[in-house]
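**Student:** Test case, fold it:
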Amino acid sequence: MFSSALLSPIAWRQASKILHQAWPVLLGSWASIIFGVLDTAMTGHASAADLQAMGLGVSIYITVFIGLMGVLHALIPILAQSYGAHHNLEVGRMWGQGVWLSLFLTALGSIALLFPDLWLSASGQLEPEVHDKIVMYLRSLILALPAALIFRTIYALGTAVSRPKMVMLINLASVLFKALLNWLLIFGKWGLPAMGAVGSGLATTIVSWLMLIAGIILLKRDSFFQRFKLQLGRPLWRDQKELLRLGIPMGGSYLIEIFAFTFMALLVAREGKFVSGGHQIMANLAAVSFMIPMAIGVATASITAQAIGAGQLHRARITGNYGVVIVFLFACLTAGLLLATRGTLAQLYSNDIEVVVMALALLQLLPLFHFCDALQCVVTYILRAYKIAFIPMLMQIIALSGVGLGGGWWLGFGPGKGQLDNFLLRLSPNMPSGAGSMWLMSSSGLGLSAVLLLLWYTHVLRTYPKSKRRINLPDPDAPLS
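**Tutor:** Here you go, the predicted model:
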């Protein structure tokens, strides 16, 4: 798969384009994930009960939101291929269809958030105070869902046409508003009641609507987007079918990954609020680290899809291969930094010594988890550039659900409980058995997923139709934007 073509001048220019497009995506994604960092750190300083409520509540919300968001992200390869083929009006029309789809998905997501007890049944008996906070937290976030999903269509458009800086600027500005509103609503400043975890949910709702308004204003004022004649139109089943054909397996892949985090959080809650708090810190740092391969994967997939739309399959191959190499190098660097700074990171999240002790133990496993997660992430995105999502979803079901989630439950909380304890205790004497087993097996599942996806990507490169080469742009290194 990786040939001498990777060393050519064209390849280096493609690598430069990937990094140029990836950094705004990364900053924007980090700004988004900082929402979770702020919620975790600030509620952690409110009370252990608020931290547990926020951790469980946000796990449920993120599961619903990420699954629906994944369906909408079918817009990225569809719009990018149309943009690469210079079908600008098609870009504008399909974006409008994406908005209609986001409204339909909002209704489904709202129903899922209205019944939190179905999710919380896996957590055993929660303290009444924690349970009530979770219910109110999720109800406040139902109001955020429509704005957040419609904004993802703006994100998909900007990413597909290599204009990610617009969304980055909105995300960066939103962090300031989120921090201020969290401070006001969590701790009860300026005469407002102290609402703890519920306050963080209300802050997210307000900021989500502000972000959507800002996105619409920028789309209208930026002359670049006028060429697409963006319009809502009316929902068309033909277009909705195309979005769903690619979006459902994409959303399924997103859902499998995020459900693992949710199920882990719900099970780990059985080990008490201190282990649950340490797990939440671990999960948050894993999400922050994930943004690097995700950003590179998004940029790689966008540029690859543009090349496919232009009929330049050789260029698409080089771009995809270089994306994998770049992610591999960054994953090695990130894993090393996580291991070296875990003590400082844990103490930044909480001032509760028992929570910090649990976090320090679990963070021993984060470098391995991140490395495996990074590799499977970038290959998944590249396959989506070719509009291939169903087979990767099946592979992730086997690896992440079967080996990772199923194996973690079996060895951490099921019949095989305790079988990994000797290994885990060698890593850290404070390692919680259930949570540690879940994270170790999740890492194993991600590793298997990475191997399977790399093998399938190699198969795709060998078999993708050769007749589609250089249909629209004869120069294999001509700019697509």
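**Student:** The host helix or strand of residue 55 - contacts with which helices or strands?
**Tutor:** Assessed by DSSP states H and E, residue 55 sits inside helix 48-72. Using 3 or more CB pairs under 8 Å, 6 or more residues apart in numbering; DSSP states H and E as the contact test, the elements touching helix 48-72 are helix 9-44, helix 88-113, helix 116-120, helix 128-142, helix 145-160, helix 197-221, helix 237-268, helix 273-309. Just so you know, the C-beta spots here come from the backbone N, C-alpha and C atoms, and that holds for glycine as well.
**Student:** Look at residue 176 and say how many residues are nearby.
**Tutor:** By the other CB atoms under 10 Å criterion, the neighbourhood of residue 176 contains 11 residues.
**Student:** quick one, phi/psi of residue 414?
**Tutor:** phi -100, psi -150 (degrees, to the nearest 10).
**Student:** what's the pLDDT at it?
**Tutor:** pLDDT recorded at residue 414 is 87.
**Student:** closest to residue 334 out of the helices and strands packed on helix 48-72?
**Tutor:** helix 273-309 (5.4 Å; CB to CB).
**Student:** just the angle between the closest one and helix 237-268, please?
**Tutor:** 150 degrees (axes from the mean of the first three to the mean of the last three CA atoms, to 10 degrees).
**Student:** Could you pull out the buried residues of helix 273-309?
**Tutor:** Neighbour counts over helix 273-309 (16 or more other CB atoms under 10 Å) mark 273-309 as buried.
**Student:** what about that helix, distance to the chain center?
**Tutor:** Here helix 273-309 is found 5 Å from its chain centre; the criterion is CA atoms, centre = their mean, to the nearest Å.
**Student:** now do stretch 137-145
**Tutor:** 19 Å.
**Student:** Which residues does that stretch contact?
**Tutor:** Contacts to stretch 137-145, defined as CB atoms under 8 Å, 6 or more residues apart in numbering, come from residues 53-54, 57-58, 60-61, 64-65, 106, 109-110, 113-114, 116, 197-198, 200-202, 204-205, 208-209.
**Student:** just the helices in the stretch 351-481 of the chain please.
**Tutor:** 353-362, 366-385, 390-396, 407-412, 421-427, 433-463 (DSSP state H, counting those that start in this stretch).
**Student:** tell me the most buried of those helices?
**Tutor:** The highest average neighbour count among those, using mean count of other CB atoms under 10 Å, belongs to helix 366-385 at a mean of 25.
**Student:** what's that one packed up against?
**Tutor:** Helix 366-385 packs on helix 75-84, helix 237-268, helix 273-309, helix 313-349, helix 390-396, helix 433-463, going by 3+ CB pairs under 8 Å, 6+ apart.
**Student:** Dump the fifth one to PDB, restricted to CA.
**Tutor:** Spelled out, it's helix 390-396. Extracted C-alpha coordinates of helix 390-396, given in PDB (Å, rounded to 0.1, in the frame of the first residue of the first chain):
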ATOM      1  CA  PHE A 390     -21.000  -0.500   5.600                       C
ATOM      2  CA  ILE A 391     -18.200  -3.000   5.700                       C
ATOM      3  CA  PRO A 392     -16.100  -0.800   8.100                       C
ATOM      4  CA  MET A 393     -19.200  -0.600  10.400                       C
ATOM      5  CA  LEU A 394     -19.400  -4.400  10.500                       C
ATOM      6  CA  MET A 395     -15.700  -4.700  11.300                       C
ATOM      7  CA  GLN A 396     -16.100  -2.200  14.100                       C
END
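**Student:** So which elements touch that helix?
**Tutor:** Against helix 390-396 (3+ CB pairs under 8 Å, 6+ apart) you get helix 237-268, helix 366-385, helix 433-463.
**Student:** Return the member of those helices having the minimum mean pLDDT.
**Tutor:** helix 237-268 (a mean of 86).
**Student:** How about that one, which residues are buried there?
**Tutor:** 239-240, 242-244, 246-268.
**Student:** What of stretch 12-32?
**Tutor:** Quick answer for stretch 12-32 (16+ other CB under 10 Å): 13-15, 17-19, 21-32.
**Student:** what ranges of the stretch 101-250 of the chain fall below the confidence cut-off?
**Tutor:** Scanning the stretch 101-250 of the chain for pLDDT under 70 picks out 119, 121-126, 129.
**Student:** Please repeat the previous calculation with a cut-off of 90.
**Tutor:** Scanning the stretch 101-250 of the chain for pLDDT under 90 picks out the ranges 112-141, 162-168, 171-172, 174-176, 178-179, 181-204, 221-223, 229-236.
**Student:** same check, this time on the stretch 301-450 of the chain
**Tutor:** 309-315, 318, 338-360, 401, 405, 412-414, 416-418, 420-435.
**Student:** Number of residues surrounding the nearest residue in space to residue 93 that is not next to it in sequence?
**Tutor:** Distances taken as CB to CB, 6 or more residues apart in numbering put residue 233 closest to residue 93, at 6.5 Å, once the chain neighbours are dropped. By other CB under 10 Å, the residues close to residue 233 number 15.
**Student:** Now do the contacts for residue 233.
**Tutor:** Residues in contact with residue 233, defined by CB under 8 Å, 6+ apart, are 93, 96, 97.
**Student:** a markdown table for those, including neighbour count?
**Tutor:** Formatted as a markdown table, the contacts of residue 233 follow (neighbours: other CB atoms under 10 Å):
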| residue | neighbour count |
| --- | --- |
| 93 | 20 |
| 96 | 20 |
| 97 | 22 |
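**Student:** TSV for those residues, including pLDDT and distance to residue 134?
**Tutor:** Formatted as TSV, the contacts of residue 233 follow (pLDDT from 0 to 100; distance: CB to CB, whole Å):
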residue	pLDDT	distance to residue 134
93	92	41
96	93	36
97	95	35
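**Student:** Residue 427 is in contact with residue 364, correct?
**Tutor:** Yes: assessed by CB atoms under 8 Å, residue 364 is found in contact with residue 427 at 4.6 Å.
**Student:** circling back to that earlier point, of all the helices and strands packed on helix 390-396, which lies closest to residue 346?
**Tutor:** helix 366-385 (10.7 Å).
**Student:** how distant is that closest one from the center of its chain?
**Tutor:** Worked out by CA atoms, centre = their mean, helix 366-385 lies 11 Å from the chain centre.
**Student:** Could you figure out how far it is turned away from helix 48-72?
**Tutor:** Going by the same axes, to 10 degrees, helix 366-385 makes 20 degrees with helix 48-72.
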